[in-house]
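Participant: need coordinates for the following:
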Amino acid sequence: MDNTPTASTPQSTTESGLLAGKVAFITGAGRGIGAAAARLFAREGAKVLLAARTEHELKAVTEEVRAAGGTADYAVCDISDAAGVRAAVDRAVELYGRLDVAFNNAATGIPPGPMDQVTEADFDHIYAVNLKGPWLAMVAEVAAIRATAGTGAIVNNSSVGSLRGNPELPAYGATKRALNSLTESAAVTYGPEGIRVNAIAPGTTLTEMIRAWEANTPGVIDRLNAKTPLRRAAEPDEIAQAAAWLLSDRSSYVTGTVLRVDGGMRA
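Facilitator: The predicted structure is shown next:
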C-alpha cells in the first residue's frame with residue numbers, strides 16, 4: 001500500500017479557515033516545518049509574521065505566501081537573543097494590531113553520537129536555541145497576547161526524541177524534554193487567563209535537519225521508517241497541520257498536551 005499523501009490543492013484565504021481572523025507568529029519560518037506552517041496558516045486565514053535568522057529564506061517564503069493571496073511579513077532575529085525575539089513579536093503587533101497565536105518551531109541540531117562525544121560548545125548552542133529560545137519567545141508572546149487579543153494559544157515544536165532515552169541525539173532529546181516541561185508549566189500558569197500552551201512531538205520529518213543526519217549517518221531515514229507503523233517519514237506540511245489545529249479554536253479545551261505526530265513510532 002502506498003501511504004504517501006497526495007498533494008493538496010492550493011486554497012485561497014477564506015473567512016471560514018481554521019485560523020481565520022488570527023495573527024500568527026512563527027519562529028524558524030524560513031524553511032522546513034516553519035515555512036510549511038507559514039504557508040498553511042495563511043491559507044487558513046491568518047495574517048503571519050515569520051521570524052528566523054536567514055533573511056533571504058524569510059523573504060522567499062513571505063513572497064510565496066503573498067503571491068498565493070495571503071498576508072505575510074517577516075522579521076530577522078536570533079531566537080536565543082531576548083531583545084531580538086521581543087522586537088520580532090512586537091513587529092507582529094505593530095503590523096497587524098494584535099497577536100493571537102504563536103508557533104515556536106525554531107530549533108537546531110548537533111552531530112549525532114553518544115553523550116561523552118558532545119562538545120561543551122555544541123551543548124551550549126543547542127540549549128540556547130532549543131530551550132532558552134522557546135522560553136524567551138513564550139515570555140514575549142504571552143505579554144503580546146495579554147496586551148492585545150487577551151486570549152490565545154501557543155504551540156512549541158518538540159520531538160518524539162524527547163519521550164524516551166535518546167542515545168544518538170542525547171543533548172537534542174534533553175532540550176526537547178525540557179521544552180515539554182516548560183510547555184506544561186506554561187499551560188498551568190496561563191490557562192486561567194485563557195492562553196493555551198501545547199507542544200507537538202514530530203517523528204521522522206523530511207526537513208534539512210533529518211537530511212543532514214542522513215548525510216552523516218547513511219540509512220538512518222530507512223532505519224527510522226522501519227520503526228514507524230506508517231513506514232514513511234512525514235512531509236513538513238503534515239506536522240504544520242497538527243500545529244494549526246492546536247492553535248485553532250477547534251482545540252479550545254486542549255492545553256498542556258504534548259501531541260505525538262509520529263506515524264505511530266511511539267505507539
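Participant: and stretch 60-68, how far out from the chain's middle?
Facilitator: Averaged C-alpha coordinates place stretch 60-68 at 19 Å from its chain's average position (CA atoms, centre = their mean, to the nearest Å).
Participant: likewise stretch 58-65?
Facilitator: 17 Å.
Participant: tell me, how many residues neighbour residue 243?
Facilitator: 31 (other CB atoms under 10 Å). (C-beta placed from N, C-alpha, C; glycine too.)
Participant: repeat that for residue 232.
Facilitator: 18.
Participant: ramachandran angles for it?
Facilitator: Main-chain dihedrals, residue 232, degrees, to the nearest 10: phi -160, psi 170.
Participant: wait, it sits on residue 222?
Facilitator: No. Using CB atoms under 8 Å, residue 232 is not in contact with residue 222, being 10.4 Å away.
Participant: contact partners for residue 104?
Facilitator: 27, 133, 134, 137, 138, 141, 154, 155, 156, 157 (CB atoms under 8 Å, 6 or more residues apart in numbering).
Participant: please report how far it lies from residue 194.
Facilitator: Here residue 104 is placed at a distance of 19 Å from residue 194 (CB to CB, to the nearest Å).
Participant: repeat that for residue 182.
Facilitator: Taken as CB to CB, the span from residue 182 to residue 194 is 19 Å.
Participant: these two: which is more packed in?
Facilitator: Using other CB under 10 Å as the criterion, residue 182 and residue 194 rank with residue 182 on top: 18 against 15.
Participant: packing partners for the helix or strand of the chain with the lowest mean pLDDT?
Facilitator: Within the chain, confidence by mean pLDDT, DSSP states H and E is lowest for helix 208-216 among all helices and strands, at a mean of 87. The helices and strands touching helix 208-216, judged by 3 or more CB pairs under 8 Å, 6 or more residues apart in numbering; DSSP states H and E, are helix 220-226.
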